[in-house]
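Asker: what follows is a predicted protein model with its sequence.
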Amino acid sequence: MSTTTLQTPPADQATRSAEPPRPARERGRRSLLGSLVSHGILTVASLVALFPIAWLVFLSLGPGQDDYLHPGRIWDTMTFDNYSFVLQHTNFFAWMKSSLIVSLGTTVIGVMVAATTGYAVSRMRFPGYKKFMWVLLVTQMFPIAVLIVPMYQILSDLQLIDNYFGLILVYCSTAVPYSAWLLKGYFDTIPFEIDEAGRVDGLSPFGTFFRLILPLAKPGLAVAAFYNFITAFGEVAFASTFMLDDSKYTFAVGLQSFVSEHDAQRNLMAATAVLVAIPVSAFFYLVQKNLVTGLTAGGTKG
């Protein structure tokens, strides 16, 4: 006859087993410490990003051209005279007109050419289409110093030196290849069935592209437009070489007029730089809704 010995669990083990299970942390939720650390890092990063802008605005309020060497003096002598001088006694508005003509022209022509190129490579399989895209990528490898001389010769033969359209063509030659790659990746994310539905409805290839594909590609077009605009708005080397008349200078070239061999009016340069940022900020505000979507979606396929 066998006997069975019952073992009772220790009191502390029984108490632990009787405790209700702790609720699992919801997925995606962070602990308090993790939230504080992440918010602290983001705050520091924001301050680092905003400091140069705040410093530029602060220097633009100093009346003296050497106030940047002694920024503490600016607190007692702040003035808006620098902005008044720039607006009334320089070619600021002529620079603005030139910058907007060149930048908007580059944006419109560049996005139009890049969109048709990216769509053709994304949808059509013609002989050498892969090599064509690689050729567009190779064009980005050449530095500006190598391109200035042959471009100057070409524009001179076409009588486009000191001409807005010539500078727009130059900027498009550098902005279109990257924009075509960007938009090609975005068009790849649009289902091909939409093109087939357009053909079934009787649309031509151009009608399908303009009426169906482009409205769906607004985020990608916004990114390409912003890139083209910034490329043309802030470029210096081509603008200073191909534009000879000071009334046709862009903002980036006009800023150089405040620096000479023996003098540098940094207070006026800072005030002009603050004013220059206004058109760029306005353009960014117009495309910001589609900017993040276009950047993320356009990079998912190549």
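Answerer: Happy to help now that I have it.

Asker: when you work out contacts or count neighbours from here on, use the C-alpha atoms and nothing else.
Answerer: Will do.

Asker: which residues touch the residue lying closest to residue 198 once chain neighbours are set aside?
Answerer: Leaving out its chain neighbours, the residue that sits closest to residue 198 by Cα to Cα, 6 or more residues apart in numbering is residue 208, at 5.5 Å. By Cα atoms under 8 Å, 6 or more residues apart in numbering, the contact list for residue 208 reads 195, 198-199.

Asker: which element is residue 208 on?
Answerer: helix 205-208 (DSSP states H and E).

Asker: that helix: how far from the chain's middle?
Answerer: 29 Å (Cα atoms, centre = their mean, to the nearest Å).

Asker: show me which residues of that helix are buried.
Answerer: Along helix 205-208, these residues count as buried under the neighbour rule (16 or more other Cα atoms under 10 Å): residue 208.

Asker: immediately after that helix, which helix or strand?
Answerer: Next along from helix 205-208, by DSSP H and E: helix 214-216.

Asker: give me the low-pLDDT residue ranges for the stretch 151-300 of the chain?
Answerer: Along the stretch 151-300 of the chain, segments meeting pLDDT under 70 span 290-300.

Asker: surely residue 184 touches residue 124?
Answerer: No: counting by Cα atoms under 8 Å, residue 124 is not a contact partner of residue 184; they are 11.3 Å apart.

Asker: neighbour count winner among those two?
Answerer: Comparing residue 184 with residue 124 by other Cα atoms under 10 Å, the one with more neighbours is residue 184, at 27 against 10.

Asker: distance of that one relative to residue 283?
Answerer: Residue 184 sits 23 Å away from residue 283, going by Cα to Cα, to the nearest Å.

Asker: and for residue 38?
Answerer: Residue 38 is 30 Å from residue 283, by Cα to Cα.

Asker: residue 181 too?
Answerer: 22 Å.

Asker: so those two - more neighbours on which side?
Answerer: Legend: neighbour count by other Cα under 10 Å for residue 181 and residue 283, higher for residue 181 (25 against 14).

Asker: buried sites along the helix or strand where that one lies?
Answerer: Residue 181 is located in helix 164-187, with elements delineated by DSSP H and E. For helix 164-187, a neighbour-count test (16+ other Cα under 10 Å) marks 164, 166-187 as buried.
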